[in-house]
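**Student:** 3D, please:
(chains A and B)
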Amino acid sequence: MFETLSLMGGGFLNAVMPINIFAMVVGVTIGIVIGCLPGLSAAMGVALLLPMTFSMEASTGMIMLGAIYCGAIFGGSISAILIHTPGTPASAATAIEGYQMTLQGKAGKALGTACIASFFGGLLSCISLYFFAPLLAQLAMKFGSPEYFWLSIFGLTIIAGVSSKSMVKGLMSGAFGLLLSTIGMDPIMGVKRFMFGQSSLYEGINVTCALIGLFSMSQALVLAEAKIKERARAQKFSDRMLLSREEMKEITPTIFRSWIIGNTVGILPGAGASIACFMGYNTAHQFSKHPERFGKGSIEGVAGSEAANNAVTGGSLIPMLTLGIPGESVTAVLMGGLIIQGLTPGPDLFVGETAKMTYTFFAGFALIQFFMLGIGLLGCRGFAQIARLSDAILIPGVTVLCIVGSFAIRQNFVDVVIMMIFGIMGWLVRKFGLNNAAIVLALILGPIGEKGLRRSLALSGGNPAILFSTPVCWVLIAFCVFGIVSPFLMDRMNKKADEEVGELIDEEPAEFSD
Amino acid sequence: MSDNNKAQEDVRKKGGEPMEKSDIFVCGFVYAVCVFFLVMALRLDEGARIYPICLIAVLAALTSLQTFNMFRAAKKSGVVSGMEGFKSFLPKQFFVILTMIIIYLIVMYVAGFYIATLLFMVSALLFLRVSKVQLVIATGVVIAIAYFAFTLFLGVRLPTGILFS
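**Tutor:** Below you'll find the model as predicted:
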């Protein structure tokens, strides 16, 4: 207990160091810019900026990536409110009430509500991060090879969750990713596998290059294939952004409900901010004292959606940091950020010197929310103009950053070629209904599962009974079953929320971007 | 909603999702990947080949399941193209940009990062009909980001090209 408190205190002291504060400011600003640009997603932004962090200290790098993540989730609301185009899918529900408020000349109020709700959603999500993460990590410390095998299988069942449209195609994407993860040296026998004569593939496919290709380069190609559209000019606004005491009182219960919803959704595998925002919005409507205002510009609606999507951020980090299981695309990319620093996501992050880094990141993650509030409130007008940036500029700009980023990791041209291959693959995967996130999850989890399985079998002399030998194995098997069933439950919840929200949306739908 | 779409919707209501023609390409491609990796896996030592072969078997089994689902859907609900993702696809624009990116990589290898980036940014922005002012600003900003963030801050030695190395 005392040790944990001292780690928490030390984490805060480290987090307020100037370099970390700088990383928070830069990260939040970049994140908001990426978030408010329709067409660019949070995962894409974090992947694009991943190579920038590899020469930083692990805690600073992770703080910067966390700041981009939080900033991007909030940033999506700016374009949702001002131009009726959510910058990220996580702000889709915000567009419903936010744009109605803009039409009534209350854009400032809507943005202020989004800022404040995002701040509280993100900040409250840190509570679960602080309390659940160490507990889960303690449990994970007891894991041996068989448990790690089941843990990776559990992670892979999440693939089913992130591919709700067609589970078979999602599983095919996962199996394809697993096959790609076998490229490189055999971890037990030391034999070269599928290396095509490239010594740079000795350690396997560089996950960061794959992430940049699948999420960022493929997005540039998606933008390149469609007609370049002029975006609507952002509405100018002059009303006050800060909320009155009565308005704060009105949205407070909504924020708390959305925090619980967002946090739970974040911890659950396969679910993400795009689901949480609709659930938060819908719950705000159900519990509102003024349900008649919904669909006509309700601040409770904006607060419900924004608090929920930002509450996802802290929750989604828990399985990634404690078990090494990323539940969705952004956390998979953040996991790449840990791997690039030579760290192994999982219980080891809570032991010894590495624990200091982890608690510094936790403290940084809490402080990020304050910077998000400040930068969001002060810079909304400027960010609103950036939201108009044409795809014609984004396409070559993002391409250059993808190429320079993938080269910077090992200063190797082969990595650029690998990134390009994954970029084109990612574009094709999107076009044909397969799943990029599933490929990434499999690429990350494949080596963990392979080592777990082969070491277990080596220990037992080839007897597979070892995989069922401990109670923890059975618990993890139960989780795997849950992992397979949860997408159906999520789908049902999502559909229910959609149906209820659908009744409130005007005939003219918002333009959504992936 | 057009009559065609309505008809498709009715079919879907009756028997679920129809078969998408594009899935034939997906399944064919994945089978080809399985064969390609299988041929290479069979050349590995016996101990090292078991795990990849198991994965290939899983991938092939899932693809067969998808193929089975596809034909069942065709029988029940009919066939649609499944090319909705290409509805707004502009082949000329896309392939010109893709070619530019490939040429950019080749020029980078020969003439170095900065020259290649300058040429790529200018040509891509001109092709996408960006105004001259925006062209200059965007090119300047991208090159400045690469220089300050990667060369100065991270100390990355960006490619100088075989001409100048």
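**Student:** residue contacts, residue 64?
**Tutor:** I went with chain A, as the question did not name one. Contacts were defined as C-beta atoms under 8 Å, 6 or more residues apart in numbering or on different chains; by that measure A:Met64 touches A:23-24, A:26-27, A:49, A:52-53, A:56. All C-beta spots, glycine's among them, are computed from the backbone N, C-alpha and C.
**Student:** strands of chain A, start to end?
**Tutor:** In chain A, the strands defined using DSSP state E lie at A:184-185, A:192-193.
**Student:** who does the last one touch, helix- and strand-wise?
**Tutor:** In terms of contacts (3 or more C-beta pairs under 8 Å, 6 or more residues apart in numbering or on different chains; DSSP states H and E), strand A:192-193 is packed against strand A:184-185.
**Student:** quick one: distance of the strand it packs on to the chain centre.
**Tutor:** Chain-centre distance of strand A:184-185: 29 Å, with C-alpha atoms, centre = their mean, to the nearest Å.
**Student:** again, but for stretch A:276-295
**Tutor:** 24 Å.
**Student:** again, but for stretch A:97-108
**Tutor:** On the basis of C-alpha atoms, centre = their mean, stretch A:97-108 sits 28 Å off its chain's mean C-alpha point.
**Student:** stretch A:79-94 too?
**Tutor:** Mean C-alpha position of stretch A:79-94 versus that of the full chain (C-alpha atoms, centre = their mean) differs by 17 Å.
**Student:** residue closest to the middle of chain A?
**Tutor:** In chain A, the residue lying closest to the centroid (C-alpha atoms, centre = their mean) is A:Val330, at 2.7 Å.
**Student:** pretty sure it contacts A:Met320?
**Tutor:** No: distance between A:Val330 and A:Met320: 9.5 Å, which falls outside the contact criterion (C-beta atoms under 8 Å).
**Student:** does the residue nearest to B:Ser22 when sequence neighbours are not counted sit in a helix or strand, and which one?
**Tutor:** Among residues not flanking B:Ser22 along the chain, B:Gly82 sits closest, at 3.7 Å (C-beta to C-beta, 6 or more residues apart in numbering or on different chains). Under the assignment given by DSSP states H and E, B:Gly82 is not contained in any helix or strand.
**Student:** so B:Gly82 versus B:Glu17, what's the distance?
**Tutor:** In this view, B:Gly82 and B:Glu17 are 10 Å apart by C-beta to C-beta, to the nearest Å.
**Student:** please, where are all the strands along chain B?
**Tutor:** Counting by DSSP E, the segments of chain B that form strands are B:19-20, B:79-80.
**Student:** can you tell if the last one touches chain A?
**Tutor:** No: under the criterion of C-beta under 8 Å from any C-beta of the partner chain, chain A is not reached by strand B:79-80; the shortest gap measures 12.4 Å.
**Student:** please name the strands paired to that strand in the sheet, noting orientation.
**Tutor:** Strand B:79-80 has its sheet partners listed here by DSSP bridges as strand B:19-20 (parallel).
**Student:** what mean pLDDT does the strand it pairs with have?
**Tutor:** Per-residue pLDDT over strand B:19-20 has a mean of 78.
**Student:** neighbouring contacts of that strand?
**Tutor:** Outside strand B:19-20, the residues that touch it by C-beta under 8 Å, 6+ apart are A:433, B:70-71, B:73-74, B:77-82.
**Student:** as TSV, those residues with distance to A:Gly324 and pLDDT would be great.
**Tutor:** Converted to TSV, the contacts of strand B:19-20 look like this (distance: C-beta to C-beta, whole Å; pLDDT from 0 to 100):
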residue	distance to A:Gly324	pLDDT
A:Gly433	28	84
B:Met70	35	88
B:Phe71	39	88
B:Ala73	37	86
B:Ala74	41	85
B:Ser77	41	79
B:Gly78	44	80
B:Val79	43	79
B:Val80	40	80
B:Ser81	41	75
B:Gly82	36	72
